[in-house]
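[1] Next comes the sequence, and after it the predicted model I'd like to discuss.
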Number of protein chains: 2
Amino acid sequence: MITVALAKGALLKDSVARFAAAGLDFSAVLDPDNRQLMVPSACGRARALLVRNGDVPVYVAYGQAQLGVVGYDVLREHQMPVAQLVDLGFGGCRMAVAVKASSGYQRATDLPPHCRVASKFTRCARDYFDAIDLPVELVHLTGSVELGPITGIAEAIVDLVATGRTLRDNGLVAIEDLFLTTARLVGHPLSLRLDQGDLRQIVEAMRSTTPVSKVTS
Amino acid sequence: MITVALAKGALLKDSVARFAAAGLDFSAVLDPDNRQLMVPSACGRARALLVRNGDVPVYVAYGQAQLGVVGYDVLREHQMPVAQLVDLGFGGCRMAVAVKASSGYQRATDLPPHCRVASKFTRCARDYFDAIDLPVELVHLTGSVELGPITGIAEAIVDLVATGRTLRDNGLVAIEDLFLTTARLVGHPLSLRLDQGDLRQIVEAMRSTTPVSKVTS
């Protein structure tokens, strides 16, 4: 039985569509009445685990799921030992540094040394500010990071930006991109090595259905 | 201006009721149409920050909110430097070790050494298993921890239990309590020391409206 870890939320619909194109129909997870977290595929030879974004690499790293779909941002932040197999191209957004539009800061290096930066992605933020050699104090928040500069808990934030609407609504502006992120197909390394062909077939099918123009890396 | 950090979710309604009894009307945050995360009180002398559970102690520790309401479980897990002022008595549940009902484990010490335990509260779990001298491997999950024993990623979980329904629905049973948790009024230590009486008045009013029978510690 193949188990696939799918992230609830923004990536779910496209993830299901891409597995369907590869022959695994998990459309039952999109039923608004579905309360189950473990859902069999229509063909019965696989099942989907419906988990939170950050838990996808955990289930795959421990081999409880052989495959999973999750954003590159989560992979960068959590650094779990999973194999990145395919850039699926959807769910594109960027990890960016944002500040109050009224602050006048034009780029990250304008930020005052030792200022506070709020983020859900403190590891990504730490790596970035280390790389540009700017010492900052990171404040880990778990949600609504755009409140940071408004309340004054932080001078800047590091957060995912898709359309930029949340930033605009809160008087913020992105001044620097850390990296682009898209959904990735990941796999459990040992399961891939021991695979008799079932996993490879799915991975190849998902790779071949990826629109080339959407692949960012 | 007094700023109060309130946790979205299960504690919100009671938190608003208790502040109302102390003279601060934040009922606007309960309006289902409310999209604002920073909401003034009806009297205009205070405002509420509507944030996630785990972020309440962060905003209070940094002094962006002088007061906040959050579960004792979050305080134990995050260990931020905030003053615990009043046990508000509501939001009661217990942090428990749970296993598959079919596992036969009767208590935490029955678990095999070096087994895996999944939890959102890995610091609480670590402290507990250290205290009973049982070495376990902790798997940090961010949601749906009850999936842990079902998928086999962990033999046991440490999670909050209110009615026990989620456990029952997933074939799990609680075998040990770590501690009881209720909502707590917390404060920013420096703001409390510099207070001219405004904060003390609210704290005293909230203390005096706490039903004695509900206080658990």
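    Received the coordinates, thanks.
[2] Nearest residue to the residue positioned nearest the centre of chain A in space, ignoring adjacent ones along the chain?
    Centroid check for chain A by CA atoms, centre = their mean gives A:Gly71 as the closest residue, at 2.2 Å. Among residues not flanking A:Gly71 along the chain, A:Thr181 sits closest, at 5.2 Å (CB to CB, 6 or more residues apart in numbering or on different chains). Every C-beta, even on glycine, is put in place using the N, C-alpha and C of the backbone.
[3] Identify the structural domains in chain A and state their residue ranges.
    A:2-90+A:182-214, A:93-180 (automatic domain parsing).
[4] picking up where we left off before, quick one: contacts for the residue nearest to the centre of chain A?
    A:7, A:11, A:53, A:91, A:181-184 (CB atoms under 8 Å, 6 or more residues apart in numbering or on different chains).
[5] The strand ranked longest in chain A pairs with which strands?
    If you go by DSSP state E, chain A has its longest strand at strand A:172-181. If you go by DSSP bridges, strand A:172-181 pairs up with strand A:93-100 (antiparallel).
[6] just how off-centre is the partner strand within its chain?
    Distance of strand A:93-100 from the chain centroid (CA atoms, centre = their mean, to the nearest Å) equals 15 Å.
[7] do the same with stretch A:39-49
    Here stretch A:39-49 is found 23 Å from its chain centre; the criterion is CA atoms, centre = their mean.
[8] Equivalent analysis for stretch A:15-34, please.
    Between the centre of stretch A:15-34 and the centre of its host chain there is 19 Å, according to CA atoms, centre = their mean.
[9] Then stretch A:198-210?
    Using CA atoms, centre = their mean, the offset of stretch A:198-210 from its chain centre is 20 Å.
[10] which residues touch it?
    Outside stretch A:198-210, the residues that reach it (CB under 8 Å, 6+ apart) are A:2, A:18-19, A:21-24, A:66-67, A:85-89, A:185, A:187, A:191-192.
[11] Would you list the buried entries among those?
    In terms of neighbour count (16 or more other CB atoms under 10 Å in any protein chain shown), the buried residues within the contacts of stretch A:198-210 are A:2, A:18-19, A:22, A:24, A:66-67, A:85-89, A:185, A:187, A:191-192.
[12] Just flag the most distant two among the residues you listed.
    Pairwise distances across the buried ones among the contacts of stretch A:198-210 peak at 23.8 Å for A:Gly89 and A:Ser191 (criterion: CB to CB).
[13] about what we covered before: select from the contacts of stretch A:198-210 every entry located in strands.
    Residues of the contacts of stretch A:198-210 located in strands (DSSP E): A:2, A:67, A:85-87, A:185, A:187.
[14] Who are the contact partners of A:Ala154?
    A:Ala154 neighbours (CB under 8 Å, 6+ apart): A:115-118, A:139, A:148.
[15] now, among those, which is nearest to chain B?
    Ranked by distance to chain B (CB to the nearest CB), those are led by A:Val139 at 6.5 Å.
[16] what kind of secondary structure is that closest one in?
    Secondary structure state of A:Val139, per DSSP: H, G, I helix; E, B strand; the rest coil, is strand.
[17] Excluding residues flanking it in the chain, which one is nearest it?
    In space, A:Val139 comes closest to A:Ala118 once its chain neighbours are excluded; the distance is 4.4 Å by CB to CB, 6+ apart.
[18] Go ahead and report the secondary structure state at that neighbour.
    The three-state label given to A:Ala118 by three-state DSSP is strand.
[19] I'd say the residue nearest to A:Gly71 and A:Met95 touch.
    Yes. Checked against CB atoms under 8 Å, the pair A:Thr181 and A:Met95 is within contact range at 6.2 Å.
[20] Can you work out which residues contact both of the two?
    Counting by CB under 8 Å, 6+ apart, the contacts common to A:Thr181 and A:Met95 are A:73, A:76, A:160.
[21] wait, isn't A:Gly143 in contact with B:Asn53?
    No. Using CB under 8 Å, A:Gly143 makes no contact with B:Asn53, being 9.0 Å away.
[22] Give me the more crowded residue out of those two.
    Using other CB atoms under 10 Å in any protein chain shown as the criterion, A:Gly143 and B:Asn53 rank with B:Asn53 on top: 19 against 14.
[23] gap between that one and chain A?
    B:Asn53 is 8 Å from chain A, where distance means CB to the nearest CB, to the nearest Å.
[24] just to revisit the earlier point, let's have the domains of chain A in TSV, adding mean pLDDT.
    Below are those laid out as TSV (pLDDT from 0 to 100):
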stretch	mean pLDDT
domain A:2-90+A:182-214	94
domain A:93-180	96
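[25] can you list those in TSV and add distance to B:Tyr62?
    Below are the domains of chain A laid out as TSV (distance: least, CB to CB, whole Å):
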stretch	distance to B:Tyr62
domain A:2-90+A:182-214	22
domain A:93-180	5
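[26] Out of those domains, flag the one nearest B:Ile175.
    Of all the domains of chain A, domain A:2-90+A:182-214 sits nearest to B:Ile175, with 22.3 Å by CB to CB.
[27] sorry, back to before: quick one: which of the shared contacts of A:Thr181 and A:Met95 has the most company?
    Using other CB under 10 Å as the neighbour criterion, A:Asp73 leads these with 24 neighbours.
[28] by how many degrees do the helix or strand hosting A:Phe129 and strand A:172-181 diverge?
    Here A:Phe129, judged by DSSP states H and E, is contained in helix A:122-131. For helix A:122-131 against strand A:172-181, the angle by axes from the mean of the first three to the mean of the last three CA atoms, to 10 degrees is 100 degrees.
[29] which parts of helix A:122-131 are buried?
    Buried residues in helix A:122-131, counting neighbours by 16+ other CB under 10 Å, are found at A:122, A:124-125, A:128-129.
[30] Tell me if that helix is near chain B.
    No. Interface with chain B: helix A:122-131 contributes nothing (CB under 8 Å from any CB of the partner chain), its closest point being 11.8 Å away.
[31] Can you show me the CA trace of that helix as CSV?
    Extracted in CSV, the C-alpha atoms of helix A:122-131 (Å, rounded to 0.1, in the frame of the first residue of the first chain):
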residue,chain,number,x,y,z
THR,A,122,13.0,31.8,11.7
ARG,A,123,15.5,29.3,10.2
CYS,A,124,15.1,30.7,6.7
ALA,A,125,15.3,34.2,8.2
ARG,A,126,18.4,33.4,10.3
ASP,A,127,20.2,31.9,7.2
TYR,A,128,19.4,35.0,5.1
PHE,A,129,20.5,37.6,7.6
ASP,A,130,23.6,35.6,8.4
ALA,A,131,24.4,35.5,4.7
